[in-house]
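Colleague: generate coordinates for the sequence data below:
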Amino acid sequence: MSVAASPAGGPSPTAAAQRRAQLAGISHPTLVVLLAASIACTGRTGAPAGVTVNDVQSQLNSTLVHDVATPASIPEIREIIRRARTEGLAVSITGGRHAMGGQQFGSGTILMDMSRMNRVLRFDSDKGIIEAEAGIQWPALLDYLLETQKGRARQWGIIQKQTGADNLSLGGALSANVHGRGLNLKPIIGDVESFTLVDANGEVRRCSRQQDAELFRLVIGGYGLFGVIAQVELRLAPRRKVQRIVEVIDLENLISSFQKRTEAGFQYGDFQYATDPDSDDFLRKGVFSCYRPVGDETPIPENQKELSADDWAGLYFLSHTQKTQAFERYSSYYLSTSGQVYWSDTNQLALYLENYHQALDARLGGEKGTEMITEIYVPRASLASFMTDVRADLRRDKASVIYGTIRLIEKDDESFLAWARQPWVCIIFNLHVVHTQEGLEAAAKDFRRLIDLAIRYEGSYYLTYHRWATREQVERCHPRFVEFLRLKKRYDPEERFQSDWYRHYRDLFAGASSPVTGQ
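Modeller: You can find the predicted model right below:
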């Protein structure tokens, strides 16, 4: 059964445009309010002064864009691209604004904010396929599925989403080729049937494994550089009840424990490790939580334990000040929830306190700071040795790990700029970064050293979170990057789609020859 959803809800900038951006400075708050009203009413701003934007999480990507345009349809996307060509401007594309690497913003660009393109277009409840506009965020997509399938015996749910936050767009998930907590899943490219792309010429293209297959492989994990993802056709999975099973274990036993859980049919899971460098448990002991399918008749009690916003705020504070106490409180809570039952889709949602660091900074005193993530990959057999080296490194340089997670990923054999080039173990490090020049330099060094350690074990890292890797590190970990940049210029010769992320790497690899073509 197919259900049609009802509506809801170039080049681098020219010298003149650059001059306008330089003259603008930081927008006055009143002007920002007026511009926001203009955006909501017209889908674009007419003011030449520019608008300052930033990412939600690290808040380290303050960027003065030329203006913000909010299309509500494919024709409006095409009109924005036409305007950019006429005015000699580039276009950057944003969704939930959580990306930390600057791939959603470009200085002096027209920032295309996709948040108004948030409708579900079609739901095939026989095949388990849903098509939605790319600006839809995960909670709205899940709400639609829950409401549409209410009372049905057989229901569909999402397979995976990014963890840690929910207000992230579907288009952004494809652009970074994200992954979740699946024990035997590839990145999200494995869940995508097709998508509709508006390219640099304003042409509308349907991309799938059979149609425009090269673009399909480039755009997923292509960081918004090949066009605007307007619509996404996503494969779903049967919605199941799952039971959480929790243990506190040592890292040395983690890979074998993951294997046992996977063989027993568990679908999701991860390991949250201890972060106190003064403890013997540092990066060694962790909370191992996995989820196994149970019968749909299994009841879900109404008053199951869950952490409140105040609980999370308390954990955030302790994770900065008393890390052992934070781990004890977190592990005690999770152990108390072992045996609780959840739905496989809504269990992937997570409470995120936006701008939580503002209150935290006031409480802690000192310089402004936020957390910043890097994600490192190593062969699974190398995990224990790798973490031993990391433990010594982070202790020596006194990096502050606020929290960290270890997950599994299966090999991605589809996307062009694949980061999951083999079945890795994924190690997420969330470090506290002080927003001073000294603090940023220290963080950059910390992340580069983590990448060097990954390389020592023939591993890699995720390009999404920062731009601090050296050229040599990028080449070692992402050997197709130069060819990726060459193909971007082939599909977008005027560089209509740009971001500060792209400009950084374009300049970093200026003059480099493609290892494939030698050109």
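
Colleague: which elements pack onto the longest helix along the chain?
Modeller: Criterion DSSP state H: the longest helix present in the chain is helix 437-456. Applying 3 or more C-beta pairs under 8 Å, 6 or more residues apart in numbering; DSSP states H and E, one finds that helix 437-456 contacts strand 369-379, helix 383-397, strand 424-434, strand 460-461, helix 471-477. Using the backbone N, CA and C atoms, a C-beta is placed for each residue, glycine as well.

Colleague: possible to save these as a markdown table with mean neighbour count?
Modeller: What follows is the helices and strands packed on helix 437-456, written out as a markdown table (neighbours: other C-beta atoms under 10 Å):
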| stretch | mean neighbour count |
| --- | --- |
| strand 369-379 | 22 |
| helix 383-397 | 16 |
| strand 424-434 | 22 |
| strand 460-461 | 26 |
| helix 471-477 | 17 |
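
Colleague: for the ones you listed, give me TSV that also has mean pLDDT.
Modeller: Formatted as TSV, these follow (pLDDT from 0 to 100):
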stretch	mean pLDDT
strand 369-379	97
helix 383-397	98
strand 424-434	97
strand 460-461	98
helix 471-477	98
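
Colleague: which among the ones you listed is found nearest to Asp345?
Modeller: For Asp345, the closest of the helices and strands packed on helix 437-456 is strand 424-434, at 21.3 Å, according to C-beta to C-beta.

Colleague: can the helices and strands packed on helix 437-456 go into TSV with extra columns for distance to Leu351?
Modeller: Listed next are these as TSV, based on distance: least, C-beta to C-beta, whole Å:
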stretch	distance to Leu351
strand 369-379	16
helix 383-397	27
strand 424-434	16
strand 460-461	27
helix 471-477	32
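
Colleague: so which of the ones you listed comes closest to Lys186?
Modeller: strand 424-434 (11.2 Å).

Colleague: pLDDT below threshold where in this structure?
Modeller: Of all residues in the chain, those with pLDDT under 70 make up the ranges 1-48, 513-519.

Colleague: now with 50?
Modeller: For the chain, applying pLDDT under 50 flags the ranges 1-47, 515-519.

Colleague: now the end-to-end length of stretch 296-308.
Modeller: Length of stretch 296-308, first residue to last, C-alpha to C-alpha, to the nearest Å: 27 Å.

Colleague: hmm, I was thinking of stretch 247-261
Modeller: 12 Å.

Colleague: which residues sit against that stretch?
Modeller: Contacts to stretch 247-261, defined as C-beta atoms under 8 Å, 6 or more residues apart in numbering, come from residues 183, 269, 271, 273, 283-288, 290, 292, 331, 335, 338, 380-381, 383-384, 387, 406, 408, 425.

Colleague: show me what contacts Asp311?
Modeller: Applying C-beta under 8 Å, 6+ apart, we find Asp311 in contact with Tyr333.

Colleague: now the angle from the helix or strand containing it to strand 424-434?
Modeller: Element membership of Asp311 [criterion: DSSP states H and E] is helix 309-321. Angle of helix 309-321 versus strand 424-434, following axes from the mean of the first three to the mean of the last three C-alpha atoms, to 10 degrees, is 80 degrees.

Colleague: quick one: name whatever helix or strand follows helix 309-321.
Modeller: helix 323-336.

Colleague: what comes up buried for that following helix?
Modeller: Using 16 or more other C-beta atoms under 10 Å as the test for burial, helix 323-336 gives Lys323, Ala326, Phe327, Arg329, Tyr330, Ser331, Tyr333, Tyr334.

Colleague: output the contacting helices and strands for it.
Modeller: In terms of contacts (3+ C-beta pairs under 8 Å, 6+ apart), helix 323-336 is packed against strand 241-250, strand 285-294, helix 309-321.

Colleague: now do stretch 334-346: distance to the chain's middle.
Modeller: Centroid separation for stretch 334-346 versus its chain: 24 Å, with C-alpha atoms, centre = their mean, to the nearest Å.

Colleague: ditto for stretch 298-305
Modeller: Computed by C-alpha atoms, centre = their mean, the chain-centroid distance of stretch 298-305 equals 30 Å.

Colleague: buried residues in that stretch?
Modeller: Residues of stretch 298-305 classed as buried: none (neighbour count, 16+ other C-beta under 10 Å).

Colleague: now do the end-to-end distance for that stretch.
Modeller: End-to-end distance (C-alpha to C-alpha), stretch 298-305: 17 Å.

Colleague: who's in contact with it?
Modeller: With contact meaning C-beta under 8 Å, 6+ apart, stretch 298-305 is reached by Lys241, Gln243, Tyr333, Ser336, Thr337, Gln340, Val341, Tyr342, Trp343.

Colleague: out of those, which is most surrounded?
Modeller: Using other C-beta atoms under 10 Å as the neighbour criterion, Tyr342 leads the contacts of stretch 298-305 with 21 neighbours.
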